[in-house]
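[1] below is the structure, and that's it, no one-letter string:
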């Protein structure tokens, strides 16, 4: 029994020490999203969907919840955000080719239509991020409009 107490005490000490360390936060400028918004021109209802359901994991600006201050949760969230940004990052829209932007919009349509996004582990805690059927339709309609715009742009030869 004494050994178990020592092990538990050591684990507790390690957990307390770990609280002083954490991953780098995704705290870029919210303004980094502006070029994406200007180019894709979402209506207000879609802007709200993007803000509530997308940007925390898919931009350089994340609104962190209180529990991000707890190690190891903060490492799990950092991995989540970094993975999300690899797939789509609204803050890095400028500089992408029209073909790449069109492909990203195609992916967004598929992920939202199939209800893969926003992911369940996010919406469990962030209930406001869950999308209704009407919100999904509005988002998909907007994304299809953006794709149409890109299809009409001249392609480099």
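    Ah, there it is. All values derive from a computational prediction rather than experimental measurement. Numbering: from 1, shown residues only.
[2] just the helices in the protein please.
    In the chain, the helices defined using DSSP state H lie at 2-18, 34-40, 44-53, 55-58, 73-87, 98-113, 120-123, 133-152.
[3] elements contacting the last one?
    Packing contacts for helix 133-152, counted by 3 or more Cβ pairs under 8 Å, 6 or more residues apart in numbering; DSSP states H and E, involve helix 44-53, helix 98-113. Every residue, glycine included, has its C-beta placed from N, CA and C.
[4] neighbours of the spatially closest residue to residue 116 that is not a sequence neighbour, just the number please.
    Among residues not flanking residue 116 along the chain, residue 110 sits closest, at 7.9 Å (Cβ to Cβ, 6 or more residues apart in numbering). The criterion is other Cβ atoms under 10 Å. On that basis, residue 110 has 13 neighbouring residues.
[5] how close does residue 110 get to residue 11?
    With distances taken as Cβ to Cβ, to the nearest Å, residue 110 is found 43 Å from residue 11.
[6] next one: residue 132
    Look at residue 132 and residue 11: by Cβ to Cβ, they are 44 Å apart.
[7] okay, the spatially most central residue of the chain and residue 87: tell me how far apart.
    Against the mean C-alpha coordinate of the chain, by Cα atoms, centre = their mean, the closest residue is residue 57 at 1.8 Å. Distance of residue 57 to residue 87, given as Cβ to Cβ: 9 Å.
[8] swap in residue 71?
    Applying Cβ to Cβ, one obtains 26 Å for the distance of residue 71 from residue 87.
[9] more neighbours: the two, which one.
    Relative neighbour count places residue 71 above the other of residue 71 and residue 87, with 18 against 13, counting by other Cβ under 10 Å.
[10] neighbours around residue 117, how many?
    In terms of burial, residue 117 registers 24 neighbours under the definition other Cβ under 10 Å.
[11] please name the nearest non-neighbouring residue to it.
    Leaving out its chain neighbours, the residue that sits closest to residue 117 by Cβ to Cβ, 6+ apart is residue 111, at 4.1 Å.
[12] was I right about that neighbour contacting residue 105?
    No - taking Cβ atoms under 8 Å as the contact criterion, residue 111 and residue 105 are not neighbours in contact, 10.8 Å apart.
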